[in-house]
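Enquirer: Predicted coordinates and the sequence they were generated for:
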Amino acid sequence: YSAILLRKKGYDVTLVERADQLGGLLNSFENEHGDIFDFGTHFIAGTGKPEIDQDVIPASWQNDWNRYENERAANFFQGTLDDKCIFLDSNKLGKDVHDKGLIEILNLLDLKDTSNSKNAKENLEKLYGATLTEKLFQPILTKLYGEEDITKLDRNAQLRFAMRRILVGTPEITKKLKTIPELDSKIGFHHYLEGASSNHQFYPKSGGAGDWIKKFEKTLDGLGVKTIKSTAIESFEVSEKKIKAARLGNGQIINDLDEVVWTIPTHLLLNTLKLEYPKQLPKFRKTIITYFVFDKRPMNQSHFIFCYDPKFLSFRITTYTNWQPDQAEKTNRHRVCIETLTDQSFDTEGLENKLKDELVRMG
């Protein structure tokens, strides 16, 4: 979108892409049987701002897409599937733990600022109290990050895995509690349609999320944006604290730069500029993505299932049939993708059968 916006403002725009195609994780791939899976992001959404959406999701593109009022995400926790809501239900921890946790949340109403929290444990205790931090969040964060001591995790660690709110009490009690501003951001409605965003989500009627990128690329070509693929920016020429030129890995030099729009992680820009900054080697987890095709449709209507149960290997399950019901009905090929986060030493032998068993147990 940055390239489109700048081109419409009259700039000569050159887009540099390290890969051989634009889009990164917004792309899709096709297997030998013609089944299409996405590399990363699935649903397509606008911003709610018409002046942006006319370029991001123009009406002419939407004719090729299925439209959804809201993405439907389920979660599996404490041995049961909740296909009405993505949020963790603290009721599943038992009445004693739930009630104690809710009292602690209410006692924290006067604590409005958590910005000075140093780690995940401290932040969660300020938001939800010690009981739910220990009983609800800690086992899940350990599963996802592979770290028993959650004081070693970033203070917003839970947000990276869709744990933005939790469920407490009943739907009726929740509606009353959410009228209190300090609680509204902590607890969620019990049904995915309640309080849903007015922005719509889309998914191609056939193909995958990469269709969006193909449409973007045609727009860029039509506007005269120059695209250079299969190379990266190797270095910059800097004069008087301004970037004047960029040297690419293929030897090409782009001169007379007025502006650089960097859309990948900032530390890579600092490295390219050879600027010093505090560095800390991150701990990497192994991500395993397993693709299945079944001859029977899923038993629920969810687009995603987040598996928070620490005993399960699965983390996020994508059910393509529920994104493309007509396509699945026509081909009778029901695609499922399962993401697993593990330690680097994890042995993958027998993983497919274990994941299929987990799908059955989740329902």
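Expert: Perfect, thanks for sending it. Numbering: from 1, shown residues only.
Enquirer: Tyr203 is in contact with Ile44, isn't it?
Expert: Yes: at 6.5 Å, Tyr203 counts as touching Ile44 under the criterion of C-beta atoms under 8 Å. Just so you know, the C-beta spots here come from the backbone N, C-alpha and C atoms, and that holds for glycine as well.
Enquirer: which residues do the two both contact?
Expert: In the contact map built from C-beta atoms under 8 Å, 6 or more residues apart in numbering, the residues linked to both Tyr203 and Ile44 are Trp65, Ala209.
Enquirer: how about the CA coordinates for stretch 15-23, as CSV?
Expert: Once non-C-alpha atoms are left out, stretch 15-23 reads as follows in CSV (Å, rounded to 0.1, in the frame of the first residue of the first chain):
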residue,chain,number,x,y,z
LEU,A,15,9.9,-1.7,-4.7
VAL,A,16,12.7,-4.1,-3.7
GLU,A,17,11.8,-7.7,-2.7
ARG,A,18,14.3,-10.3,-1.6
ALA,A,19,12.1,-13.2,-2.6
ASP,A,20,11.1,-14.1,-6.2
GLN,A,21,7.5,-13.0,-5.5
LEU,A,22,5.9,-10.2,-3.5
GLY,A,23,3.9,-10.7,-0.4
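Enquirer: So for that stretch, what gets flagged as buried?
Expert: For stretch 15-23, burial by neighbour count (16 or more other C-beta atoms under 10 Å) applies to Leu15, Val16, Leu22, Gly23.
Enquirer: Now, the residues you listed that are in strands?
Expert: Applying DSSP state E to the buried residues of stretch 15-23, the entries found in strands are Leu15, Val16.
Enquirer: With distance to Leu257 and pLDDT as added columns, please give the buried residues of stretch 15-23 in JSON lines.
Expert: Below are those laid out as JSON lines (distance: C-beta to C-beta, whole Å; pLDDT from 0 to 100):
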{"residue": "Leu15", "distance to Leu257": "13", "pLDDT": "96"}
{"residue": "Val16", "distance to Leu257": "12", "pLDDT": "97"}
{"residue": "Leu22", "distance to Leu257": "20", "pLDDT": "94"}
{"residue": "Gly23", "distance to Leu257": "24", "pLDDT": "92"}
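Enquirer: quick check, nearest of the buried residues of stretch 15-23 to Leu153?
Expert: Sorting the buried residues of stretch 15-23 by how near they are to Leu153, with C-beta to C-beta, puts Gly23 at the top with 30.3 Å.
Enquirer: burial count for the nearest residue to His33 once chain neighbours are set aside?
Expert: For His33, ignoring the flanking residues on the chain, the nearest one in space by C-beta to C-beta, 6 or more residues apart in numbering is Val293 at 7.1 Å. Val293 is flanked by 15 other residues according to other C-beta atoms under 10 Å.
Enquirer: what pairs with Val293 across the strands?
Expert: According to DSSP bridges, the residues that bridge with Val293 are Arg335.
Enquirer: What of Ala45?
Expert: Here Ala45 sits in beta bridges with Gln201, as judged by DSSP bridges.
Enquirer: Pick out the residue nearest the middle of the protein.
Expert: For the chain, the residue sitting closest to the mean C-alpha position, by C-alpha atoms, centre = their mean, is Thr41 at 6.6 Å.
Enquirer: mind checking how far that residue is from Arg18?
Expert: For Thr41, the distance to Arg18 under the criterion C-beta to C-beta, to the nearest Å works out to 18 Å.
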